[in-house]
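Participant: would you be able to build a 3D model of this:
(chains A, B, C and D)
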Number of protein chains: 2
Amino acid sequence: MKNRALQQRVYGGVKADLRETERRKKLLTAGLEAFGTRGYAKTNIKTICVLAGLTERYFYESFRNKEDLLSAVYQELVDKQKSDTLKILDEAGNRPLDAASSAIRMFLYGFQENPLKAQTQLFEVMGVSPGIDRQYREAMRVLAEMVKLFLMKAFPGISDDAFRGNIIPTGLAGSIVLISHEWVLGGFVTPLDDIIDKCMDLFIAVGRHIESKPRPGSAQKHRPVHRKLQHNQKR
Amino acid sequence: MKNRALQQRVYGGVKADLRETERRKKLLTAGLEAFGTRGYAKTNIKTICVLAGLTERYFYESFRNKEDLLSAVYQELVDKQKSDTLKILDEAGNRPLDAASSAIRMFLYGFQENPLKAQTQLFEVMGVSPGIDRQYREAMRVLAEMVKLFLMKAFPGISDDAFRGNIIPTGLAGSIVLISHEWVLGGFVTPLDDIIDKCMDLFIAVGRHIESKPRPGSAQKHRPVHRKLQHNQKR
DNA sequence: TGACTTTGACAAGAGTTATTGTCAGAATTT
DNA sequence: AAATTCTGACAATAACTCTTGTCAAAGTCA
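Facilitator: Numbers count the residues shown, from 1 in each chain, chains lettered A, B, ... in the order given. Reported below is the predicted structural model:
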């Protein structure tokens, strides 16, 4: 009561703040589990606590309410994807199309491997509240930014104008997201590699097209010669 | 009590079944209003009834529950879009790219003109229930089908293989949808025509690219000569 | 006019949920 | 060992919502 920071008692071998973070972690996992199966709307706090093996009091220790938990779960998923993507981009070397393919694979495989993530990240967060909407929008912005980086690496000739308003990267990101929607709702029956191939078709199509549109105001031109493809068509 | 069909009493100048459909209509409008502003989750039946100027009893006359109403509202929006799109496609004549552009305009303008529709159709329906998920999926399937029809008209050389699994049309439809998301959440600040132009870039990029990939198994080819563009770059 | 139907306002009950509080016992420190 | 703190089980309240029911007034028909 006097000084929380000094009340760092060891319990079960671990200090207080660590125990708290462990509980928080359990709640995040339980939240993902619940949101991904029952759905956000039909999940109540009691259920989350049971899944986490904790009582309600500990829920409010870490989160203000259910939306707060969803927000944290979502942010975790998105942050992980972002860092993974940046790592792939960083290790791309001089094979940018292979890197793009890897990034798409990572994105999709993560959903297939753990459908709870897919359901939560792609569906449950939508239409929950203005706050979560904002978070979703930021996540889309980041995803579009990633797409843009890959496009720039693979198609260095693209003019800045093609990226104006980030509409094109947003659209390309949207392709992948909505293809994921369909894939998830359809129960992942289409082979992963088929999806990746088609996504790469879209990526290359867009990259080439906007690379061949050098000036904003000028008339449509016929396309110039392209450098050799570096994309390895696996399978 | 004996025979409903014969109890077609006139009230306020209209027959019973017509009065009922009018009430239903009021509820649909009120539902759109409520879902589009408060959001589906935070809307209760009382609110809908007040907006409709009716009492709860009449809600249950036309709908089983809130989800049932959402389903009907959504279906109405989607059906309208589909018929509008088919009409544009039907009147396309020999200017398929203009038709595609018109269809995209119609799609986007509908949202801008009535943001309630945008919010409901794009966000509120998601993650509500497995039933609504199925409906959403079907709507996406239809949208992808529309995109495919426009692609076929504008790029007759596209091989069937490029459409296998409908992944590419789904992706292109996804571009438009997610670009809409961003546009809606951002409050429609980007001019409509800018969005349309970029969407057309995507459409043309993809159309050209897959038209130039004639065979499934063959190696990547360089692109053949294209016929003259028919797309009018308005503004 | 009298019988009947439709309508709208409101009541009421059942069910669910969020959130805070209590408390006894276990674990740990001094 | 004694004092203190942590933990988990559960209670309890308040609030909200759905759904059905009642009832009187108004409208319509014969």
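
Participant: so what's the residue nearest the centre of chain A up against?
Facilitator: Nearest to the centroid of the C-alpha atoms of chain A, with distances taken as C-alpha atoms, centre = their mean, sits A:Val78, at 4.2 Å. Under the criterion of C-beta atoms under 8 Å, 6 or more residues apart in numbering or on different chains, the neighbours of A:Val78 are A:121, A:139, A:142. C-beta coordinates here come from the backbone N, C-alpha and C atoms, glycine included.

Participant: what's the helix or strand for it?
Facilitator: According to DSSP states H and E, A:Val78 maps onto helix A:66-90.

Participant: most surrounded residue in the contacts of A:Val78?
Facilitator: Taking other C-beta atoms under 10 Å in any protein chain shown to define a neighbour, the member of the contacts of A:Val78 with the most is A:Gln121, carrying 26 neighbours.

Participant: ramachandran coordinates for that one?
Facilitator: When quoted as degrees, to the nearest 10, the phi and psi of A:Gln121 stand at phi -70, psi -40.

Participant: now it: closest residue in space, sequence neighbours ignored.
Facilitator: The shortest distance from A:Gln121 to any residue that is not its chain neighbour, by C-beta to C-beta, 6 or more residues apart in numbering or on different chains, is 4.9 Å, and that residue is A:Leu77.

Participant: okay but the one you found is in contact with A:Gln119, surely?
Facilitator: No: contact between A:Leu77 and A:Gln119 fails when scored by C-beta atoms under 8 Å: they sit 11.0 Å apart.

Participant: low-confidence ranges, chain A, go.
Facilitator: Under the criterion pLDDT under 70, the flagged ranges of chain A are A:1-14, A:16, A:214-235.

Participant: give me the neighbour count for A:Thr190.
Facilitator: Residues near A:Thr190, counting by other C-beta under 10 Å, number 17.

Participant: from the contacts of A:Val78, pick the one nearest A:Arg95.
Facilitator: Within those, distances to A:Arg95 taken as C-beta to C-beta reach their minimum at A:Val142, with 23.5 Å.

Participant: thinking again about what came up before, B:Leu86 versus the residue nearest to the centre of chain A, what's the distance?
Facilitator: Noted for A:Val78: a distance of 37 Å to B:Leu86, by C-beta to C-beta, to the nearest Å.

Participant: how about the helices in chain A?
Facilitator: All helices of chain A, identified by DSSP state H, fall at A:16-37, A:45-52, A:56-62, A:66-90, A:96-113, A:115-118, A:130-154, A:167-185, A:192-211.

Participant: hmm, who's touching the shortest one?
Facilitator: Which is helix A:115-118. Here helix A:115-118 has contacts from A:32-33, A:35-37, A:77, A:110-112, A:180, A:184, A:188, using C-beta under 8 Å, 6+ apart.

Participant: that older thread, list just the nearest of the contacts of A:Val78 to DNA strand D.
Facilitator: Minimum separation from DNA strand D among these (C-beta to the nearest atom of the strand) is found for A:Gln121, which lies at 27.3 Å.

Participant: next up, the contacts around the closest one.
Facilitator: Taking C-beta under 8 Å, 6+ apart as the definition, contacts of A:Gln121 comprise A:74, A:77-78, A:111.

Participant: distance to A:Arg134 for those - can I get that in a markdown table?
Facilitator: Formatted as a markdown table, the contacts of A:Gln121 follow (distance: C-beta to C-beta, whole Å):
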| residue | distance to A:Arg134 |
| --- | --- |
| A:Tyr74 | 11 |
| A:Leu77 | 16 |
| A:Val78 | 13 |
| A:Phe111 | 23 |
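
Participant: those: which ones sit near DNA strand D?
Facilitator: Applying C-beta under 7 Å from any atom of the strand to these, one finds that nothing falls near DNA strand D.

Participant: neighbour-wise, which one of the residues you listed leads?
Facilitator: With neighbours defined as other C-beta under 10 Å, the most crowded of the contacts of A:Gln121 is A:Tyr74; it has 23 neighbours.

Participant: nearest residue to that residue other than its sequence neighbours?
Facilitator: Nearest residue to A:Tyr74 in three dimensions, chain neighbours excluded: A:Val125, at 5.2 Å (C-beta to C-beta, 6+ apart).

Participant: let me see the backbone angles for that neighbour.
Facilitator: Per degrees, to the nearest 10, the backbone of A:Val125 is at phi -70, psi -10.

Participant: that one is in contact with A:Arg137, isn't it?
Facilitator: No: in this structure A:Val125 lies outside contact range of A:Arg137 using C-beta under 8 Å: 10.8 Å.

Participant: compare those two (neighbour count), which wins?
Facilitator: A direct count of neighbours by other C-beta under 10 Å for A:Val125 and A:Arg137 places A:Val125 higher, at 25 against 15.

Participant: state the distance from the more buried one to DNA strand C.
Facilitator: Taking C-beta to the nearest atom of the strand, to the nearest Å as the measure, A:Val125 and DNA strand C are separated by 17 Å.

Participant: return the residues in contact with that residue.
Facilitator: A:40, A:70, A:74, A:132, A:135-136, B:127.

Participant: go on, A:Ile104?
Facilitator: When contacts are taken as C-beta under 8 Å, 6+ apart, A:Ile104 is in contact with A:176, A:196, A:199-200, A:203.
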